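Peer 1: need coordinates for the below:
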Amino acid sequence: MAAYLLDKKQYRGIGYIGGVYEHGGVRIGGRRLSGLRRILEERGLYDPTVFHVGDISRESGYTLARQAAREGRLAEAMLLGSDEVAEGALEAFRELGLRVPKDVAVIIYQDIQTLESKWPTGTCIEMFPDYIWENALALPAALLLRPLSPVKRAANPSKSSASPLFPPANRRRSSPPPSL
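Peer 2: The predicted structure is shown next:
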């Protein structure tokens, strides 16, 4: 997404308003933040003054966006790290008279399918968690219900009886997609 915004949309800079949640070994939001930072660093475009990190909440999005706008620390395009953060940030922009996308372009990392925004302006990166969970639950059931291949027996010279020969599986693996 960062490459698209820089190469195709030709934004001169991308900033970030988002949150990171850490508790009991679980970390949410860190990969999208570090991924965006890495891409911008590789292109020599990373500006830490336009990266604003707090909690993953509407209140944090509001506070971070309001402070960043008042201090003139917004990039031409701002990636809002979650739906909740976006709700607060967009409210702050509206209160300050900033027009989206004329004054600041907004890209929302949408990760809650059921959250309806009262701010319809902005580009969304949809994560489809409902789709992922539906398929994660359907896959084991499909594997259990499919017909099994017959087990073939092959002669084993070291043993007196034949041992099972399982058909080989051809599996193609690919790298995980880059994260933002």
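
Peer 1: confirm that residue 22 sits in a strand.
Peer 2: Yes: membership of residue 22 in a strand is supported by DSSP: H, G, I helix; E, B strand; the rest coil.

Peer 1: residue 6 is in what secondary structure piece?
Peer 2: helix 2-7 (DSSP states H and E).

Peer 1: give the rounded mean pLDDT of that helix.
Peer 2: The average pLDDT within helix 2-7 is 72.

Peer 1: how about the helices in this protein?
Peer 2: Using DSSP state H, the helices of the chain run over 2-7, 30-42, 58-70, 83-95, 129-145.

Peer 1: return the most buried member of those.
Peer 2: Mean neighbour count (mean count of other C-beta atoms under 10 Å) peaks for helix 83-95 among the helices of the chain, with a mean of 22. To be clear about C-beta, it is placed using only N, CA and C from the backbone, and glycine gets the same treatment.

Peer 1: chain neighbours aside, what residue packs nearest to residue 55?
Peer 2: Leaving aside its sequence neighbours, residue 55 sits nearest to residue 19 (C-beta to C-beta, 6 or more residues apart in numbering; 4.6 Å).

Peer 1: for that neighbour, grab the count of nearby residues.
Peer 2: By other C-beta atoms under 10 Å, 21 other residues sit near residue 19.

Peer 1: repeat that for residue 100.
Peer 2: Residue neighbour count, defined by other C-beta under 10 Å, stands at 18 for residue 100.

Peer 1: now do the buried residues in stretch 99-110.
Peer 2: Using 16 or more other C-beta atoms under 10 Å as the test for burial, stretch 99-110 gives 100, 104, 105, 106, 107, 108, 109, 110.
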